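Undergrad: I would like to see how this sequence folds:
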Amino acid sequence: MPFVLGRLVGAPAVERTDLFAAATLAGLVGSDLLRRVGVVEIDPDVSDTAATQREFGLDPDMLANCVIVAGKRQGQERLAACLVLATTRADINGVVRRRLDVRKASFLSTERAVGLTGMEYGGITPIGLPAAWPVLVDAAVLARPMVVIGSGIRRSKIMLAGALVGTLPSAVVVDGLGSPVGPG
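TA: Numbering: from 1, shown residues only. Reported below is the predicted structural model:
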């Protein structure tokens, strides 16, 4: 299967296992995705979504962002990952808060997100996260023929069919998780 999207040309992930964070590689192997996804090496300076989009001529709905959120209920912290298309923002204070059954949900600090995931900030991906965390995936991601996500490190990106994200062991597909980003 060729992994081409815009000007991104990826290799089969199995051929470039050096381009993943350790947790991501373990997640790819554990979910039997290593032979079904592509990976492309990039300059870490263009790892952020907007820069990747510009550099490689991608439409914003070809990229998906993963954020880590947390909330507390009865003194117990509840964590989750959210994956939404770059054209949207995760509805943290609505959909996510209700899914976690907490009073307030918020983004995890950079330091905690990096520490708990074992991934680099700007490269966090839903693949290889702690098994206890639900991975909330906007249904719109699954509808994409191919989508670009983080690899756990800033110097590469994963390319995969959107539907494959729904096969992750902790994936929970959620309609309306992403709210459209307004102009500006």
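Undergrad: how near is the residue of the chain positioned farthest from its centre to residue 2?
TA: Residue farthest from the centre of the chain, counting by Cα atoms, centre = their mean, is residue 74 at 28.6 Å. Look at residue 74 and residue 2: by Cβ to Cβ, to the nearest Å, they are 50 Å apart. (C-beta placed from N, C-alpha, C; glycine too.)
Undergrad: do residue 169 as well
TA: On the measure of Cβ to Cβ, residue 169 and residue 2 end up 27 Å apart.
Undergrad: next: residue 43.
TA: 22 Å.
Undergrad: with residue 149 instead?
TA: Counting by Cβ to Cβ - residue 149 and residue 2 are separated by 18 Å.
Undergrad: kindly report the same for residue 162.
TA: Separation of residue 162 from residue 2 (Cβ to Cβ): 16 Å.
Undergrad: just want to know which of the two has more residues nearby.
TA: Using other Cβ atoms under 10 Å, the more surrounded residue of residue 162 and residue 2 is residue 162, with 22 against 9.
Undergrad: all the helices of the protein, in order from the start?
TA: 22-30, 49-56, 97-100, 110-117, 139-142, 162-165 (DSSP state H).
Undergrad: need these in a markdown table (columns: distance to residue 82).
TA: As requested, the helices of the chain are exported to a markdown table (distance: least, Cβ to Cβ, whole Å):
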| stretch | distance to residue 82 |
| --- | --- |
| helix 22-30 | 17 |
| helix 49-56 | 14 |
| helix 97-100 | 9 |
| helix 110-117 | 12 |
| helix 139-142 | 10 |
| helix 162-165 | 12 |
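Undergrad: quick one: which of these is nearest residue 124?
TA: helix 110-117 (5.6 Å; Cβ to Cβ).
Undergrad: quick one: the closest one to chain centroid distance?
TA: Taking Cα atoms, centre = their mean, to the nearest Å, one finds the center of helix 110-117 at 15 Å from the center of the full chain.
Undergrad: low-confidence stretches in the protein?
TA: 1, 182-184 (pLDDT under 70).
Undergrad: recalculate using a threshold of 90.
TA: 1-2, 181-184 (pLDDT under 90).
Undergrad: show the end-to-end separation of stretch 149-157, please.
TA: One end of stretch 149-157 sits 6 Å from the other (Cα to Cα, to the nearest Å).
Undergrad: residues contacting that stretch, please?
TA: Stretch 149-157 is contacted by residues 8, 10, 16, 19-25, 39-44, 47, 52, 63-64, 66, 83, 117-128, 148, 158, 160, 165 when judged by Cβ atoms under 8 Å, 6 or more residues apart in numbering.
Undergrad: next one: stretch 111-122
TA: Contacts for stretch 111-122 (Cβ under 8 Å, 6+ apart): 21-24, 44, 47-48, 68, 79, 107-108, 110, 124-125, 128-130, 150, 152-154.
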